[in-house]
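Participant: Sequence below, structure please.
(one chain, ligands or ions: 1)
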Amino acid sequence: MTTTIITGSASGMGAAVRRRLLADGERVIGIDLRDAEIHADLSTRHGREAAIDGALSQSGGRIDKLICCAGLGPHVDPATLVASVNYFGVVTLLDGLFEALRQGKAPCAVVVSSNSATLQSWAGSPLRDAYLAGDEDGVHALVRAAQEAGGEQAAQAGYLAYASAKNAVAAAARQRAASWGRAGVRLNVVAPGAVETPMLQAGLRDPRYGDAIRDFLPPLGRRAQPDEVAALIAFLCRPEAAYLHGNVVFIDGGVDAAQRPLAF
Ligand code: NAD
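Facilitator: This is a model prediction of the structure:
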């Protein structure tokens, strides 16, 4: 039986992946704020350590799959929390569980980013540099500066934290592709568009972001269901996907292609 660690397993896409793997007879160890095998707050350094310690002890130090779904939407205040969970809550677990993954059978990890990661360019952005340098205080300072600038910049600080974290987390995964590949551990990223989950519903209710989410329909004319993303994540972990590594796979109803038809 394989052992899978899923962060954000209590809701949305994480819960959909959990259901799917349990139905396949796999052992799943969920990490979430509540309703999970391991209760840990991935927004804090202490919570991340507790999550890693719990995952290592419950798995016996051998993990076959790591699926990082936990995240917060752009509507969550303060925006620094969004940056902490969506980037540092992912990368710390990837690195902290890497040795246990090396002990697994055909091991792999999947990180959930977002198609918002590429809706603007982050080349040369000090914010992205701070993420990739592991400078959480520096990231917070830059996000706070946007909040304190007032006006439209302040209103969009949550989106800035969200999109920058999603871009940086995909970049961080790709940066690990060479060393992880040599160690025999596959690592891929999925970049969903709008998916019908509690996070999206909360965004729709937010006066700053609700209209933009409502008005933004992908070329396929509908939002995704969590099970559709879970199916992709499950596939990326299967033997048939054994040569997929270091890739960012968009599952967004055509948004990325419509926005950036020539960039691939
Ligand atoms: P969701 O809110 O349904 O689930 C997210 C889960 O993460 C929740 O169970 C929540 O408790 C957990 N979580 C949040 N903060 C945490 C913390 N500090 N510590 C531990 N767990 C924490 O959301 P979802 O839509 O299923 O989102 C899953 C992932 O997909 C997220 O990373 C999100 O950014 C990303 N995403 C979502 C959409 C969308 O439209 N829903 C689109 C693109 C990407």
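
Participant: average model confidence for stretch 179-197?
Facilitator: Averaging pLDDT along stretch 179-197 gives 98.

Participant: Go ahead and produce CSV holding the CA coordinates of that stretch.
Facilitator: Provided in CSV are the C-alpha atoms of stretch 179-197 (Å, rounded to 0.1, in the frame of the first residue of the first chain):
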residue,chain,number,x,y,z
SER,A,179,18.4,17.4,-8.1
TRP,A,180,15.0,15.7,-7.5
GLY,A,181,15.1,14.0,-10.8
ARG,A,182,18.6,12.6,-10.2
ALA,A,183,17.3,11.3,-6.8
GLY,A,184,14.5,9.6,-8.6
VAL,A,185,11.7,11.7,-7.1
ARG,A,186,9.4,13.3,-9.7
LEU,A,187,8.0,16.8,-9.0
ASN,A,188,5.3,18.5,-11.0
VAL,A,189,3.0,21.5,-10.7
VAL,A,190,-0.6,21.9,-11.7
ALA,A,191,-1.9,25.4,-12.5
PRO,A,192,-5.7,25.4,-12.2
GLY,A,193,-8.0,28.2,-13.4
ALA,A,194,-11.2,28.9,-11.5
VAL,A,195,-12.4,25.7,-9.6
GLU,A,196,-15.7,25.4,-7.8
THR,A,197,-14.5,25.1,-4.2
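
Participant: Quick check: phi and psi on residue 251?
Facilitator: phi -140, psi 80 (degrees, to the nearest 10).

Participant: Residues of the chain that sit close to the ligand?
Facilitator: 8, 10-14, 32-33, 41-43, 69-72, 85-86, 112, 114, 192, 194-195, 197-200 (CB under 6 Å from any ligand atom). (Each C-beta comes from the backbone N, C-alpha and C, glycine too.)

Participant: Looking at those residues, which are in helices?
Facilitator: Counting by DSSP state H, the residues of the chain next to the ligand place 12-14, 198-200 in helices.

Participant: Narrow those residues to just the buried residues.
Facilitator: 12-14, 199-200 (16 or more other CB atoms under 10 Å).

Participant: between the residues you listed, which is nearest the ligand?
Facilitator: Closest to the ligand out of those is residue 12 (2.0 Å), distances taken as CB to the nearest ligand atom.

Participant: What's the separation between the closest one and residue 200?
Facilitator: Distance, residue 12 to residue 200, using CB to CB, to the nearest Å: 8 Å.

Participant: pull the longest helix from this structure.
Facilitator: Under DSSP H, the chain gives helix 157-175 as its longest helix.
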